[in-house]
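Colleague: fold the following for me, if possible:
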Amino acid sequence: MHIGKRLREIRTIRGMTQAKVSKDIISAPHYSNIEAGIFTPSQDTLTLLAKRLAVPATYFTHSYAEDKFMAELLQQYEGILEKEDVALANAFLKEHEKSFDYIQSLHQELCFKLLRCLALFKEKEFIAFQQLYEEKILSYVDFDILHTLNIRLQEKYDYITGLYHYIIGNHNDSIELFSKVLKISEDPLLHARLTFNIALAHYRLFHYTEALHYSKKARDCYLHLHNWDKTAECYNLMAVLYKDTNRLSTAELYIHKGIQILNDKTIRIYTMLLHNLALVYQEQEQHKKALETIENCIAIKKEYHSGTLFSSYREKLNILLSLKDETEITRTLEYARLVCKSSLEECHLRVIEGKQHFQHQRYDAYEKCLLQSIDYYLKHEQWEYLKCLPEELATYYAKKKHYKKAYELNLTGLLAFKKIYREL
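Modeller: As a prediction, this is how the structure comes out:
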């Protein structure tokens, strides 16, 4: 980090060229070298540039001076974020908006940007998080001087960067960064959160043994902190891992543990547990029980406007397919379309429609729906959804003695498994 990066950022915001900013102050080549960090400008030059760019002079001239009042504000903001009170965090930002406009210290400004990223992550605004990180962090930090940051700021930077890599799918990088922070952090709450994040990253990599190990460690950390909601979230992850490895009774047990320990049935986690309980019942072929559970989950989500309705409607549709309830399938498909927000979700519904066609022996429509869905998943590298679907259609083709088509679909399924388990 150097003053040149700040100059470039403000100049870009103002929509000015280097020549226009530097005119009658310094030469354009000299200014370009300042932005690149090759030269350090004088205080007089910085004052003139500040006036040209319409920012407080201290924003350029005191970029290495820490401000006590700003330190207090940043500490307060971080404390609010720890409580995960979105409304309070936004109110705090609005109240102190002018103070945060031009933070003179480069390090304190970086701290604020990292906290803003954290706030977006907690609000599940992942696209906005990624955009802010790439525009305001990646372009702001010089990697060769990261070691000069104080320990707390390094910790924040590595943690937020770990979250960034998790969001864009670089799970191995996220594990490395979370583990790095884990070694230096003395904060027990951050220690628990990092351990849970490592478990999630391993789960995304299909490293079930490692994911279970870290999820149990995270549970123990949260139990020690008496943080019952987060403990329940750990139980939920453990249940998912047991379900995915076909240990359904154990998965059900951990879901019930999560429900029992929840503090006042925190809605987000409670509906997550109910949704996964329905998945377990469905795997156990307890279809009516699964339907009752997922309908309860949907009703609570609607009442409290919590969580994504689409995922639960999709699960309800799969249960209804097992029950062959044509009337309810048609009705639920309409509800699901109303909350469908992406082409991926539209593709999920196409699969459901295809299976509905199969039950009514509309085989041409069945083939069309599944082939279109497989093509979409393949084109967008949605390997997780290609684990079983090509095999299902391949089995159908094999029964019709269309062996070439069946073979090609089986190759697609094999490719998906290889991609998932990182063999390619």
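
Colleague: make it CA atoms for all contacts and neighbour counts henceforth
Modeller: Fine.

Colleague: I'd assumed C388 was in contact with T412.
Modeller: No. In this structure T412 lies outside contact range of C388 using CA atoms under 8 Å: 10.1 Å.

Colleague: where does pLDDT dip in the stretch 201-350 of the chain?
Modeller: Within the stretch 201-350 of the chain, the stretches with pLDDT under 70 are 264-265.

Colleague: quick one, helices of it?
Modeller: 208-224, 228-244, 248-261, 267-283, 287-304, 309-323, 326-339, 343-359 (DSSP state H, counting those that start in this stretch).

Colleague: compare these and give me the one nearest S174.
Modeller: Among the helices of the stretch 201-350 of the chain, helix 208-224 comes nearest to S174, with 13.7 Å by CA to CA.

Colleague: tell me the angle the closest one makes with helix 228-244.
Modeller: Orientation of helix 208-224 against helix 228-244 (axes from the mean of the first three to the mean of the last three CA atoms, to 10 degrees) gives an angle of 160 degrees.

Colleague: what's helix 208-224 packed up against?
Modeller: Judged by 3 or more CA pairs under 8 Å, 6 or more residues apart in numbering; DSSP states H and E, the packing partners of helix 208-224 are helix 188-204, helix 228-244.

Colleague: and the helix or strand encompassing E9, what's buried?
Modeller: Per DSSP states H and E: E9 is located in helix 3-14. Applying a neighbour-count criterion of 16 or more other CA atoms under 10 Å, one finds I3, G4, K5, R6, L7, R8, E9, R11 buried in helix 3-14.

Colleague: ok, back up a step: between T412 and C388, which has more neighbouring residues?
Modeller: Remark: of T412 and C388, T412 carries more neighbours, 21 against 15, as counted by other CA atoms under 10 Å.

Colleague: returning to that earlier point: would you mind giving the helices of the stretch 201-350 of the chain as TSV with distance to Q130 and mean neighbour count added?
Modeller: Formatted as TSV, these follow (distance: least, CA to CA, whole Å; neighbours: other CA atoms under 10 Å):
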stretch	distance to Q130	mean neighbour count
helix 208-224	25	20
helix 228-244	24	24
helix 248-261	31	20
helix 267-283	23	23
helix 287-304	27	18
helix 309-323	23	21
helix 326-339	24	15
helix 343-359	20	18
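
Colleague: nearest to Y407, of the ones you listed?
Modeller: Evaluated over the helices of the stretch 201-350 of the chain, closeness to Y407 peaks at helix 343-359, with 20.5 Å, by CA to CA.

Colleague: that closest one versus helix 326-339: what angle between them?
Modeller: Going by the same axes, to 10 degrees, helix 343-359 makes 170 degrees with helix 326-339.

Colleague: which other residues reach helix 343-359?
Modeller: Defining contact as CA atoms under 8 Å, 6 or more residues apart in numbering, one finds that helix 343-359 is touched by 310, 314, 317-318, 321, 324, 333, 336-337, 340, 363, 365-370, 373, 376.

Colleague: try 6 Å
Modeller: For helix 343-359, the surrounding residues in contact (CA atoms under 6 Å, 6 or more residues apart in numbering) are Y366, C369, L370, S373.
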